[in-house]
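Visitor: what shape does this take:
(chains A and B)
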Amino acid sequence: MSTSNFTRRGVLKSGAIAGAGVALPTIFTASSAAAYMNEPTGSTVTFGFNVPQTGAYADEGADELRAYELAVEHLNGGGDAGMMNTFSSKALKGNGILGKKVEFVTGDTQTKSDAARASAKSMIEKDGAVMITGGSSSGVAIAVQGLCQEAGVIFMAGLTHSNDTTGKDKKANGFRHFFNGYMSAAALAPVLKNLYGTDRNAYHLTADYTWGWTQEESIAAATEAMGWNTVNKVRTPLASTDFSSYIAPVLNSGADVLVLNHYGGNMVNSLTNAVQFGLRDKVVNGKNFEIVVPLYSRLMAKGAGENVKGIHGSTNWHWSLTDEGSKAFVKSFGEKYGFPPSQAAHTVYCQTMLYADAAERAGTFNPCGIAEALEGFEFDGLGNGPTLYRADDHQCFKDVLVVRGKENPTSEFDLLEVVEVTPRGQVEYAPDHPMFAGGNLGTCNAG
Amino acid sequence: MDAIILQILNGLDKGSAYALIALGLTLIFGTLGVVNFAHGALFMIGAFCAVTLKKLLTLSYFVEDPTKTDFLGKPLKVATPYVQSWFGESAGAAMIDWAVPLAILFSIPVMIGIGFIMERGLIKHFYKRPHADQILVTFGLAIVLQELIKTFYGANPIPTPAPEVFRGSFDFGVMLGFDPNAIIYPYWRMVYFAFSAVIIGAVFAFLQFTTFGMVVRAGMADRETVGLLGINIDKRFTIMFGIAAAVAGMAGVMYAPINSPNYHMGMDFLVLSFVVVVVGGMGSLPGAVLAGFMLGILEAFASMNQIKAIIPGIDQIIIYLVAIIIILTRPRGLMGKKGVMEE
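Guide: Model prediction:
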């Protein structure tokens, strides 16, 4: 006769013990085996390049991808090593990073926040990307930066110019090499004062989203500080294609300067429309009417054709710079692809190098180690003179270029000329500056 | 007052573009009964006809200039367009300068051909399908066409300026007794308005005064009876599809100097043009033209700072607001006919 020892209480106890036993390895893996999110365990480390491959900024995204591929080639010891030769930090040896070969996956932001977050999430969760980088829009950069903070990976921002990226939306896991609206204004204002005087009436047309708002605020504050009067600030829908009905009121507003806080297709169309309406031939208040485009991009300037001639603006970097770092990068990029790199290409190449260098110096891919290595890091040789990655807000401080549309371009790439290299000291601001207030960097998240 | 006149002028050229696209849309709907959401893509392809002709005319050979260097420090390769070496420097330069008007001639056969292929190759298979199917397939086709254009021409806008003689602007203010520079208007936008008026007039005259047009109008009214008379109405409707494509294409060619063409420009116009067709009355040609100009002018007025100060954001919703009011009060649109899309 057999007897059963099973009781309800015994089954429950055994089940609980067995359940805990089954669960234990998972808990152990998640908390202890991997010290941080996507810790590379093999001979390679994977980066996630999240750029617009479709949509209106696809050409800018394509140039970013070219620069990323070049950076990976240089990091792995290929090519002529580009700016690794001129970079003041000599931690990188051309043998990958910490002995691991660099590989990459790409995502398409489509210049839409939700699509950009989805592609970044996929690269982190499915492809094991240890760092996400890229983009051509502040809205996208802020969205992806937030995601990377939550996920526990580093975000090295691409082309994002809104004050908010390292202002009210700054994050401990996010780092920006590109300049911002405040810096554009600080660099442009003295040049505009010299060119057009202190008695001017400015009319702003502004793209109605985070980047446009912060740039408008920065430019208006800087020009008002030197004596200009702001006649009007008009917000234009981001989807606008024809700006004629926004340009027409400028004619009789008493303004003698039009500031176009537009980027991309908006900038191409609003500038073209303004020139078509004869604004540049107009004399108001006894002065020649002037147009200012505070943020220039060579790729976008190309779309406006001859209309950019003589128009002033600012840019993060330009291929005609003659410092050793810029020359090395232009040579590498130009020989590989047959044309000079854009500012978007330059900034993402620098971001990749800076991340790699930080990992090498920190001796780890742990986001908190990388963040510590980047915070307060002073470097040179990457094309904008001596540069600081400020610890307080993870914003790079470096020289800013004031440029002008070239009168006699020699090629389709030769559209802008550098008017002034504004020294870093002139574009710096306190971490608690009101235009950057409201955010909290927080602490780094390693996943 | 000067601001109002200026916005009326702005509205007229916006309205011209809406009217030309809507005219083609409603023509196709009236004849073939198809809601063609690829019509905006035809406008975009028209603009790229101008870009293509400009590229063809500026095809160049290169000669190294040892006195100048490129960005890598190598001798600069100076481009000389073939047309300048074949026809002389000034004649070649004039051809390049007049690329946009010349592209009108280039675009007509191209657009008729594209229209014919679209209609025979795809759209005719959807005549008897529900309008939702037609919208889906033509919208999909529009996306395919714009992605093709992006593959060949890139995503950035491509500057395609008007001939030198039409650049700059005209001072209407002085003519009307206002201060100089009070009302200035670009020459090319005036050309665009005049061109639109001619094309719209030509389409109406063609339908009104030719035997072909008479048969098409009869077919639009009662397709079955016209068929019973032994007339091949399908063939004529296919030709009308080609003509509608050519109208959209020419509108695109002439629009190229106003805003640099990009692959997405058709989509920017499509939704608004569809609203124009609905407001004008589905299938009504005069309704499309009337609604095109009316909505263009209203949109321009809504962008005035004085109006935006009273109702912020009105410039972004005005067209849809007016469309809702008109459809609520006149469900068939301004000039819609009984029986169209009501079965």
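
Visitor: what about residue 126, neighbour count?
Guide: No chain specified, so I'll use chain A. If you count neighbours by other CB atoms under 10 Å in any protein chain shown, residue A:126 ends up with 9. Heads up, the C-betas are built off the backbone N, CA and C, glycines and all.

Visitor: sorry, I should have been clearer: chain B.
Guide: Residue B:126, neighbours per other CB under 10 Å, totals 19.

Visitor: next SSE downstream of the lowest-mean-pLDDT helix or strand in chain A?
Guide: Every helix and strand in chain A was compared by mean pLDDT, DSSP states H and E; the lowest is helix A:8-28, with a mean of 48. Following helix A:8-28 in sequence order, the next helix or strand is strand A:44-51 (DSSP states H and E).

Visitor: adjacent strands (with direction) for that following strand?
Guide: Its sheet considered, strand A:44-51 pairs with strand A:101-108 (parallel), strand A:131-134 (parallel) by DSSP bridges.

Visitor: how about a markdown table for the ones you listed, with mean neighbour count and mean pLDDT added?
Guide: Shown next, in a markdown table, are these (neighbours: other CB atoms under 10 Å in any protein chain shown; pLDDT from 0 to 100):
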| stretch | mean neighbour count | mean pLDDT |
| --- | --- | --- |
| strand A:101-108 | 19 | 96 |
| strand A:131-134 | 30 | 96 |
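
Visitor: CSV please, covering the ones you listed and showing distance to residue B:223.
Guide: CSV is the format used below for the strands paired with strand A:44-51 (distance: least, CB to CB, whole Å):
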stretch, distance to residue B:223
strand A:101-108, 46
strand A:131-134, 55
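
Visitor: close to chain A: what parts of the stretch 201-343 of chain B are there?
Guide: Contact residues (CB under 8 Å from any CB of the partner chain) of the stretch 201-343 of chain B with chain A: B:258-260, B:262, B:264-265, B:268, B:299-300, B:303-305, B:308, B:315-316.

Visitor: and those residues, which of them are buried?
Guide: Listed as buried from those are B:258-260, B:262, B:264-265, B:268, B:299-300, B:303-304, B:308, B:315-316; burial here means 16 or more other CB atoms under 10 Å in any protein chain shown.

Visitor: could I get the residues you listed as CSV with secondary structure, distance to residue A:422 and pLDDT?
Guide: As requested, these are exported to CSV (DSSP: H, G, I helix; E, B strand; the rest coil; distance: CB to CB, whole Å; pLDDT from 0 to 100):
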residue, secondary structure, distance to residue A:422, pLDDT
B:258, coil, 35, 92
B:259, coil, 32, 90
B:260, coil, 30, 91
B:262, coil, 32, 91
B:264, coil, 35, 90
B:265, helix, 36, 91
B:268, helix, 37, 83
B:299, helix, 40, 87
B:300, helix, 39, 87
B:303, coil, 35, 83
B:304, coil, 37, 83
B:308, helix, 35, 82
B:315, helix, 36, 81
B:316, helix, 36, 80
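
Visitor: so how far is residue B:216 from residue B:19?
Guide: For residue B:19, the distance to residue B:216 (CB to CB, to the nearest Å) stands at 20 Å.

Visitor: ok, now residue B:124?
Guide: According to CB to CB, residue B:124 and residue B:216 sit 17 Å apart.

Visitor: who has more neighbours out of the two?
Guide: Neighbours were tallied for residue B:124 and for residue B:216 using other CB under 10 Å; the higher tally belongs to residue B:216 (23 against 16).

Visitor: so that one, which of the three states?
Guide: helix (DSSP: H, G, I helix; E, B strand; the rest coil).

Visitor: same deal with residue A:327?
Guide: helix.

Visitor: can you show me the strands along the stretch 1-150 of chain B?
Guide: B:60-69, B:75-81 (DSSP state E, counting those that start in this stretch).

Visitor: I'd like to know which helix or strand in chain B has the lowest mean pLDDT.
Guide: Lowest by mean pLDDT, DSSP H and E among the helices and strands of chain B is helix B:172-175, with a mean of 81.

Visitor: is it anywhere near chain A?
Guide: No - counting by CB under 8 Å from any CB, chain A is not contacted by helix B:172-175; separation bottoms out at 9.0 Å.

Visitor: likewise stretch B:41-53?
Guide: No - using CB under 8 Å from any CB, stretch B:41-53 stays clear of chain A, coming no nearer than 11.7 Å.

Visitor: show me how far that stretch is from its chain's centre.
Guide: Distance of stretch B:41-53 from the chain centroid (CA atoms, centre = their mean, to the nearest Å) equals 10 Å.

Visitor: show residues contacting that stretch.
Guide: With contact meaning CB atoms under 8 Å, 6 or more residues apart in numbering or on different chains, stretch B:41-53 is reached by B:21, B:24, B:99-100, B:102-103, B:106-107, B:110-111, B:114-115, B:141-142, B:145-146, B:149, B:153, B:158, B:160, B:245, B:248-253, B:255-256, B:261, B:263-267, B:269-270.

Visitor: quick one: which of these sit in helices?
Guide: Mapping those onto helices (DSSP state H) picks out B:21, B:24, B:99-100, B:102-103, B:106-107, B:110-111, B:114-115, B:141-142, B:145-146, B:149, B:153, B:245, B:248-253, B:255, B:265-267, B:269-270.

Visitor: alpha carbons of the least confident helix or strand of chain B, as PDB, please.
Guide: C-alpha atoms of helix B:172-175 as PDB (Å, rounded to 0.1, in the frame of the first residue of the first chain):
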ATOM      1  CA  PHE B 172       2.300  98.300 -57.100                       C
ATOM      2  CA  GLY B 173       2.100 100.800 -54.300                       C
ATOM      3  CA  VAL B 174       3.400 103.700 -56.400                       C
ATOM      4  CA  MET B 175       1.000 102.800 -59.200                       C
END
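
Visitor: so where's the stretch 1-150 of chain A shaky on pLDDT?
Guide: Where the stretch 1-150 of chain A drops to pLDDT under 70, the residues are A:1-33.

Visitor: now do the contacts for whatever residue of it ends up closest to chain B.
Guide: Going by CB to the nearest CB, chain B is nearest to residue A:58 of the stretch 1-150 of chain A, at 3.8 Å. By CB under 8 Å, 6+ apart, the residues touching residue A:58 are A:52, B:150, B:154-155.

Visitor: which of these are buried, as a PyMOL select command?
Guide: Buried subset of those, written as a PyMOL selection, criterion 16+ other CB under 10 Å:
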select buried, (chain A and resi 52) or (chain B and resi 150+154+155)
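
Visitor: could you dump the contacts of residue A:58 to JSON lines with distance to residue A:100?
Guide: Formatted as JSON lines, the contacts of residue A:58 follow (distance: CB to CB, whole Å):
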{"residue": "A:52", "distance to residue A:100": "28"}
{"residue": "B:150", "distance to residue A:100": "37"}
{"residue": "B:154", "distance to residue A:100": "35"}
{"residue": "B:155", "distance to residue A:100": "34"}
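
Visitor: what's next to the least confident helix or strand of chain B, contact-wise?
Guide: Outside helix B:172-175, the residues that touch it by CB under 8 Å, 6+ apart are B:2, B:5, B:9, B:178-185.

Visitor: okay, helices next: where are they in the stretch 251-400 of chain A?
Guide: With DSSP state H, counting those that start in this stretch as the criterion, the stretch 251-400 of chain A has helices at A:265-276, A:298-304, A:324-337, A:343-362, A:367-374.

Visitor: do you know which of those lies nearest residue B:283?
Guide: The closest of the helices of the stretch 251-400 of chain A to residue B:283 is helix A:265-276. By CB to CB, the value is 32.9 Å.

Visitor: export only the CA atoms of that closest one, formatted as PDB.
Guide: In PDB, the C-alpha atoms belonging to helix A:265-276 read as follows (Å, rounded to 0.1, in the frame of the first residue of the first chain):
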ATOM      1  CA  GLY A 265      13.100  73.500 -45.800                       C
ATOM      2  CA  ASN A 266      11.600  76.400 -43.700                       C
ATOM      3  CA  MET A 267      14.800  78.400 -44.000                       C
ATOM      4  CA  VAL A 268      15.200  77.700 -47.800                       C
ATOM      5  CA  ASN A 269      11.600  78.800 -48.500                       C
ATOM      6  CA  SER A 270      11.400  81.800 -46.100                       C
ATOM      7  CA  LEU A 271      14.700  83.200 -47.300                       C
ATOM      8  CA  THR A 272      13.800  82.600 -51.000                       C
ATOM      9  CA  ASN A 273      10.400  84.300 -50.500                       C
ATOM     10  CA  ALA A 274      12.000  87.300 -48.600                       C
ATOM     11  CA  VAL A 275      14.400  87.800 -51.500                       C
ATOM     12  CA  GLN A 276      11.700  87.500 -54.100                       C
END
